[in-house]
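[1] generate coordinates for the sequence data below:
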Amino acid sequence: MIHKISGKQKNSKLCFVCGVKNDFGIHAHFYITENQELIALFTPTEEHQSYPGRMHGGIASAILDETIGRAILNKYETEVWGVTVELNLKYKKPIPLKQQLKVIGRITNENTRMFEGTGEIILPNGDVAVTAHGKYLKVPIEKITDFDVDDVEWKVVESENDPKEILI
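    Next up is the predicted model:
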């Protein structure tokens, strides 16, 4: 299936998942699809391994949590943040290192206080490696942490390699 990209979400400086200057992070970039799903692209490295040549399951959990939790940002003009209440994963296939992975997240249910979502990690051959379902509280950023947009470099990082569409 081809997903047309309608926008790109922001990255920060040091977040483990999206931090562009975090030497040990996974440097994921998040793309908004025309149907309001969110697709993350990243390539795990040797620093992200468990067994040799395989990505650690905790990294799989982190990227799925972030992608599902960020999908809520697609729905609002002002930023609404998700704080994880519950996250359940099913590991189906081992995840290789040094190959670009695709992660899809979507909102499946929402009310004024909470939202639920699902997501998958897709291997380069199209197989689903991990599935997830999560529940999140909607919380303003000022109730989570001190957040200085300039200090954390919270901004869209454009690249000439940003896709116009993603095939999954």
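[2] what about the residue lying closest to Leu167 once chain neighbours are set aside, distance to Gly119?
    Spatial nearest neighbour of Leu167, excluding adjacent residues (C-beta to C-beta, 6 or more residues apart in numbering): Ile2 at 5.4 Å. Bear in mind the C-beta positions are built from the backbone N, C-alpha and C, glycine included. Applying C-beta to C-beta, to the nearest Å, the value for Ile2 to Gly119 is 19 Å.
[3] which one of the two has more residues nearby?
    Gly119 (28 against 8; other C-beta atoms under 10 Å).
[4] pLDDT weak spots in the chain?
    77 (pLDDT under 70).
[5] ranges for the helices of it?
    57-71 (DSSP state H).
[6] spell out for me which residue occupies the centre of it.
    Thr67 (2.6 Å; C-alpha atoms, centre = their mean).
[7] so what's the backbone phi/psi at the residue in the chain sticking out farthest from the centre?
    In the chain, the residue that sits farthest from the middle, by C-alpha atoms, centre = their mean, is Pro52; the gap is 23.9 Å. Backbone torsions of Pro52, given as degrees, to the nearest 10, read phi -50, psi 130.
[8] picking up where we left off before, which residues touch the residue nearest to Leu167?
    Applying C-beta atoms under 8 Å, 6 or more residues apart in numbering to Ile2 gives the contacts Glu165, Ile166, Leu167.
[9] who wins for most neighbours among those?
    Highest count within the contacts of Ile2 by other C-beta under 10 Å belongs to Ile166, 17 neighbours.
[10] for that one, give its distance to His3.
    5 Å.
[11] for Tyr31, what are its contacts?
    The contact partners of Tyr31, taken as C-beta under 8 Å, 6+ apart, are Ile5, Gly7, Lys8, Gln9, Leu38, Ile39, Ala40, Leu41, Asp162, Pro163, Ile166.
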